[in-house]
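In: Sequence below, structure please.
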Amino acid sequence: MKTVKQILDGKGHTTWSVAPDSLVYHALELMAEKQIGALLVLEAGRLVGVMSERDYARKVILHGKSSLDTPVKEIMTQDMIWVRPEQTVEECMALVTEKRTRHLPVLVDDQVVGVISIGDLVKAVIDEKDFTIKQLENYITGSR
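Out: As a prediction, this is how the structure comes out:
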């Protein structure tokens, strides 16, 4: 089974973040520019939260707030689930399913080294299944 490290090595370790005092509007602009669904919230280089499109929809729009004057810290998810590079795709799939989250920050010694999404996990599962199918087809047909 593929590990988080292998996913990050393939997709890259680039992360996008904002400070807790940043306005939600500016965070949304960054997410739109980078075509991503969530941002890490870092304070002095330390992970303190995650702000997602879901947070915006449920905690700004539905509460009549304005993204132009609401700081990210008011809507970010603070009880984050995070993973380590050595964890498997299977473990991560169980986490995102159980905790109903879509993004998993990857930490080593309290330092962010990447982020994986449910999309990354699904792709890894599909790639592994495709590989297994090809191996079985080769075994059945006797080709190498």
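In: So which other helices or strands are in contact with the lowest-mean-pLDDT helix or strand in the chain?
Out: Within the chain, no helix or strand scores below helix 118-141, which has a mean of 86 by mean pLDDT, DSSP states H and E. If contacts are counted by 3 or more Cβ pairs under 8 Å, 6 or more residues apart in numbering; DSSP states H and E, helix 118-141 sits against helix 4-11, helix 89-99. All C-beta atoms are positioned from the backbone trio N, CA, C, and that covers glycine.
In: Can you tell me who the most centrally placed residue in the chain pairs with across the strands?
Out: By Cα atoms, centre = their mean, the mean C-alpha position of the chain lies nearest to residue 103, the distance being 2.6 Å. With DSSP bridges as the criterion, residue 103 is bridged to residue 117.
In: So it is in contact with residue 50, correct?
Out: Yes - with contact defined as Cβ atoms under 8 Å, residue 103 counts as touching residue 50 (6.1 Å).
In: where do the contact lists of those two overlap?
Out: residue 38 (Cβ atoms under 8 Å, 6 or more residues apart in numbering).
In: What residues sit buried inside stretch 112-126?
Out: By 16 or more other Cβ atoms under 10 Å, the buried positions in stretch 112-126 come out as 112-118, 120-121, 123-124.
In: correction: stretch 131-141
Out: Buried residues in stretch 131-141 (16+ other Cβ under 10 Å): none.
In: for that stretch, the distance to its chain's centre please.
Out: How far stretch 131-141 lies from its chain's middle: 32 Å, per Cα atoms, centre = their mean, to the nearest Å.
In: List the contacts of stretch 95-114.
Out: 4, 8, 12-15, 17, 37-38, 40, 42, 45-47, 50, 52, 54, 77, 80-85, 92, 115-118, 121.
In: Likewise for stretch 29-39?
Out: Contacts for stretch 29-39 (Cβ under 8 Å, 6+ apart): 16-18, 27, 50-53, 72, 102-103, 115, 117.
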